[in-house]
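1. What follows is a predicted structure for the sequence shown.
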Amino acid sequence: MPNLLEDLIIDRVDLVDEGANSEAFIELFKRKGKNMNYTEVMAQLTAEQSAPIKAEFDRLNGEITVLKAKPAPAPTEEDIIKSMPEAAQKVFQTLKVQKEAAEETLRKSKEVEKEAVAVAKAATLKSLPIEQKKLVEIIKSASTDVLDLLSAAAASIDATVLSTVGKEKGAANNPDSAWSKIETKATEIAKSKNISQAKAISQVVEENPDLYKEYLQGGAN
């Protein structure tokens, strides 16, 4: 049976690897005293005793300083969603799906509109020696300068073909012929807008479809 020893006065304690009674459990405490801080404890130790303790404290302080200096990573959308109440998460996910669906609808709408504009533009450039499908794709990604260049090329081709056919039929000698009227209007436009005769002819044909139809019905085709 264990014995309880009271009112002992201990003036020395030896630390050994193993005591004489390995099964003994000894608890020592002072009746009264004060808590000492780190500085006070270190002051009572020898340089040899305090060196490893100080080294360990310096290492821990260094790690803490690094952790404080390192900025916390910004929360991701997933982190933010997970921090919400479950009801709010469901509302957010619903709104997100609706937003993505609306964006996809808008994207498709713009693609359809872009395709329609390109097809309409390609229809005015039929004179160009290129397959219409390829021409539409070119127009969809072309800059304004490139479109102007394509329009000028088509106008030049149209004017050259019309001029050649008109002269072959002797229309130039008949001031009342549809071709003569086209050339007369084109000359006026070329002078007023300072553009080429070929481009002016193309503009006249575009602005006066009835006159062009009259020219074709006269045998130009």
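-> Sure thing, it's come through.

2. Tell me which stretches of the chain form helices.
-> 38-43, 47-69, 77-83, 86-123, 132-141, 144-168, 178-193, 197-207, 209-215 (DSSP state H).

3. Give me whichever of those helices is most buried.
-> Sort those by mean neighbour count, taking mean count of other CB atoms under 10 Å, and helix 197-207 sits at the top with a mean of 19. C-beta here means a position set from N, CA and C on the backbone, and glycine is covered the same way.

4. mean confidence score for that one?
-> For helix 197-207, mean pLDDT is 76.

5. now that helix, how far from the centre of its chain.
-> Mean-position distance between helix 197-207 and its chain equals 44 Å (CA atoms, centre = their mean, to the nearest Å).

6. What of stretch 142-153?
-> Computed by CA atoms, centre = their mean, the separation of stretch 142-153 from the middle of its chain amounts to 29 Å.

7. which residues sit against that stretch?
-> With CB atoms under 8 Å, 6 or more residues apart in numbering as the test, stretch 142-153 has contacts from 121, 124-125, 128, 138-139, 199.

8. Of the residues you listed, just say which sits nearest to Glu23.
-> Distance to Glu23, by CB to CB, is smallest for Ile138 among the contacts of stretch 142-153, at 96.6 Å.

9. With adjacent residues omitted, what lies nearest to Leu135?
-> Leaving aside its sequence neighbours, Leu135 sits nearest to Ala122 (CB to CB, 6 or more residues apart in numbering; 4.6 Å).

10. how about a markdown table for the helices of the chain, with distance to Asn21 added?
-> Shown next, in a markdown table, are the helices of the chain (distance: least, CB to CB, whole Å):
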| stretch | distance to Asn21 |
| --- | --- |
| helix 38-43 | 30 |
| helix 47-69 | 28 |
| helix 77-83 | 57 |
| helix 86-123 | 61 |
| helix 132-141 | 94 |
| helix 144-168 | 101 |
| helix 178-193 | 119 |
| helix 197-207 | 117 |
| helix 209-215 | 121 |
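
11. Leu147 versus the spatially most central residue of the chain, what's the distance?
-> Of all residues in the chain, the one closest to the mean position by CA atoms, centre = their mean is Glu103, 14.0 Å from it. As judged by CB to CB, to the nearest Å, Glu103 and Leu147 stand 28 Å apart.
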